[in-house]
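1. coords please:
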Amino acid sequence: MQLRRFEYHPDAILEAHHAFHWYAERSDQAAEHFWEELVRARNLVSERPHSWTPYFHGTRCFKLRKYPYGLVFIEREDKIVGLAVCHFRRRPGYWRERLAN
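-> Numbers count the residues shown, from 1 in each chain. Predicted coordinates:
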């Protein structure tokens, strides 16, 4: 199966790093598993972007296993853009201004 080009919005990268470091302060193993799950999400989204749950503002969301996070993404003509690595208890749709970029 052909992978679609995937890129992260810069703020999504910061969110992913923040979450990783939060877990790392508590458990190296939890942090490692979080990162592996995020990589898994990106790979699966790149393979089958339409398979994931429709979300806010025309986006889709891949829910990470065992973590209260999701990879929010939108499919563009030439690529898939990861808009947010969002915690589900954070204000929904806080990342919507990223759709313009």
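2. could you point out which element follows whichever helix in the chain runs longest?
-> Longest helix of the chain, by residue count under DSSP state H: helix 28-47. Going down the chain from helix 28-47, the next helix or strand is strand 53-54, by DSSP states H and E.
3. tell me which helix or strand of the protein sits lowest on mean pLDDT?
-> The weakest-scoring helix or strand in the chain, judged by mean pLDDT, DSSP states H and E, is strand 53-54 (a mean of 90).
4. so what touches it?
-> Arg60, Cys61, Phe62, Lys63 (CB atoms under 8 Å, 6 or more residues apart in numbering). Heads up, the C-betas are built off the backbone N, CA and C, glycines and all.
5. tell me the helices and strands packed up against the longest helix of the chain.
-> Where contact means 3 or more CB pairs under 8 Å, 6 or more residues apart in numbering; DSSP states H and E, helix 28-47 is packed against strand 6-8, helix 10-26, strand 60-63, strand 69-75, strand 80-87.
6. between it and strand 80-87, how big is the angle?
-> Counting by axes from the mean of the first three to the mean of the last three CA atoms, to 10 degrees, helix 28-47 points 150 degrees away from the direction of strand 80-87.
7. report the mean confidence score over helix 28-47.
-> For helix 28-47, the mean pLDDT works out to 97.
8. for it, list every residue counted as buried.
-> Across helix 28-47, burial judged by 16 or more other CB atoms under 10 Å covers Ala30, Ala31, His33, Phe34, Trp35, Glu37, Leu38, Ala41, Arg42, Val45, Ser46.
9. now the terminal residues of stretch 65-77, how far apart.
-> Stretch 65-77 has an end-to-end distance of 28 Å (CA to CA, to the nearest Å).
10. got a list of contacts for it?
-> In contact with stretch 65-77 (CB under 8 Å, 6+ apart) are residues 4, 6, 12, 19, 33-34, 37-38, 41-42, 45, 49-50, 52, 55-56, 58-64, 80-89, 95, 99.
11. report the distance from that stretch to the chain centre.
-> Offset of stretch 65-77 from its chain centre (CA atoms, centre = their mean, to the nearest Å): 3 Å.
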